[in-house]
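A.B. asks: Using only what follows, build the 3D model:
(one chain, ligands or ions: 1)
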Amino acid sequence: MSVQLFVPSFRVDECLLEIRECLEKGWTGSGFKTLQFEDAWKEYTGLPNAHFVSSNTVGLHLAFKILKDRHQWRDGDEVITTPLTFVSTNHAIVHTGLKPVFADVDDSLCLDPESILSNITERTRAVVFVGIGGNVGQYERVRQLCDGRGIKVILDAAHMAGTRLHGRHVCGDADATVFSFQAVKNLPTADSGMVCFKHEEDDVQARKLSWLGISKDTFARTMSHGAYKWMYDVEDVGFKYHGNSIMAAIGLVQLKYLDADNAYRHQLAKWYEARLGGHQHIGLIPMAEGCESSRHLFQIRIANRDEMILILNKHDIFPGVHYRDNTEYRMYREFSGLCPQAHAASSEILSLPMHMGVTRKDVHTISDIILQYAKA
Ligand SMILES: *Cc1c(COP(=O)(O)O)cnc(C)c1O
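C.D. replies: Okay, the predicted model is just below:
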């Protein structure tokens, strides 16, 4: 039997029942279940606003666009970002006409506050912080150094569904927090996400822009009465970014299991740590103080990473890498060489299988192979 890096687990019967409600009602689009899911997400996280969108990628784009317009940033203004992320994070900056400035990471693989400080210029408008694997890294210090300098913080929380810091969900103090419910994330749907703004006026703007700039959403119009039910205004050049009721139906079910699933991920991480911890050639990623991670990933660092992948593959075990240094990609190559820590990590990090189907025995098998072949 092969062991894959990620396999989503769906509560199939419950999901089908919830989807069935949409089909019977004849409402699969925005509204109905999307509103229920937004309410459930706010209730779960305690965040004041939540707008359900078709992916984290578009949520990030909305976040940059709305903050840029609200605060009158100019084209070419700078956003400090990380080279160790899925490329969505950095594309969203470029899509908005802003300039990515790559800062380096610390041992947690999240942005290093010292490196952020040394990259701040008078054109720095925002920092986008990625909580790699569900870890918050030095997020609190980053928040502090941005406060008082008027720098906005966007949290790419694609890995962070269920992460708490000091007992509270991430990260109500960010200007925007963006979650992913893509199929391999901790709360899997198929593709969807949630953009959670600190300020209500930004949430209102996100609802408008995610539906082409139209002033009244179709669900509200359909449910209303009167001769002008069909009438709406168009106030902005918006996008078609909103989520739909089928995805929200799956999300509503999966949310009920998120904490239990994350608890099992914790257990898997503990088993890995018990087996792999304290070995000379195997580095573990330190968890931030006070962070109860979603444990989206379990990552190690080893010098012979590429060789190890081939060895594991031969045993039908398929790990992953999160991530390749983004400045190695052709389109971000002009920024290469600026982040030595991220660059070094990028050739050593390995993400081990982490999902509900991985057993204790799998963890032992995988760990024992790694122990046998890890080299300096
Ligand atoms: C998955 C991921 C995204 C993109 O999420 P989608 O919902 O697939 O658009 C963005 N950033 C990070 C760090 C991710 O892991």
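A.B. asks: List the buried residues for stretch 367-374?
C.D. replies: 367, 369, 370, 374 (16 or more other Cβ atoms under 10 Å). For the C-beta atoms, the positions are set from N, CA and C on the backbone; glycine is no exception.
A.B. asks: Checking my notes, residue 309 in a helix, right?
C.D. replies: Yes - remark: residue 309 belongs to a helix, assigned using DSSP: H, G, I helix; E, B strand; the rest coil.
A.B. asks: any idea how far residue 345 is from it?
C.D. replies: Per Cβ to Cβ, to the nearest Å, residue 309 is found 16 Å from residue 345.
A.B. asks: neighbour count winner among the two?
C.D. replies: residue 345 (24 against 16; other Cβ atoms under 10 Å).
A.B. asks: hang on, the earlier thing: which ones among the buried residues of stretch 367-374 lie within helices?
C.D. replies: Judged by DSSP state H, helices contain the following of those: 367, 369, 370.
A.B. asks: Closest one to the ligand out of these, please.
C.D. replies: Of all those, the ligand sits closest to residue 370, with 23.4 Å by Cβ to the nearest ligand atom.
A.B. asks: Surely that closest one touches residue 301?
C.D. replies: No - taking contacts as Cβ atoms under 8 Å, residue 370 lies outside contact range of residue 301: 11.4 Å.
A.B. asks: shared neighbours, the two?
C.D. replies: Common neighbours of residue 370 and residue 301, counting by Cβ atoms under 8 Å, 6 or more residues apart in numbering, are residue 282.
A.B. asks: Any chance you could note which residues of the stretch 51-200 of the chain sit beside the ligand?
C.D. replies: Residues of the stretch 51-200 of the chain lying near the ligand by Cβ under 6 Å from any ligand atom: 55-57, 85-86, 88-89, 130, 156, 158-159, 180, 182, 193.
A.B. asks: repeat that for 8 Å
C.D. replies: Contact residues (Cβ under 8 Å from any ligand atom) of the stretch 51-200 of the chain with the ligand: 55-60, 85-86, 88-89, 130, 132, 156, 158-159, 178, 180-182, 184-185, 191-193.
A.B. asks: Of those, just the buried ones, PyMOL syntax please.
C.D. replies: Only the buried entries of those go into this PyMOL selection, using 16+ other Cβ under 10 Å:
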select buried, resi 55+56+57+58+59+60+85+86+88+89+130+132+156+158+159+178+180+181+182+185+191+192+193
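A.B. asks: Cross the residues of the stretch 51-200 of the chain next to the ligand against helices and list the overlap.
C.D. replies: Using DSSP H, these in helices are 56, 57, 58, 59, 60, 88, 89.
A.B. asks: closest to residue 202 among the residues you listed?
C.D. replies: Within these, proximity to residue 202 (Cβ to Cβ) peaks at residue 59, which comes in at 12.0 Å.
A.B. asks: which residues sit against stretch 113-125?
C.D. replies: 67-68, 71, 73, 76-80, 98-99, 101-105, 127, 138, 141-142, 145, 149, 151-152, 339.
A.B. asks: cutoff 6 Å now
C.D. replies: Contact partners of stretch 113-125, identified using Cβ atoms under 6 Å, 6 or more residues apart in numbering, comprise 73, 77-78, 80, 101, 103-104, 127, 138, 141-142, 145, 151.
A.B. asks: do stretch 61-78 as well
C.D. replies: Contacts with stretch 61-78, where a contact means Cβ under 6 Å, 6+ apart, come from 92, 95-99, 101, 123-125, 152, 154, 176, 178, 195, 202, 205-206, 209.
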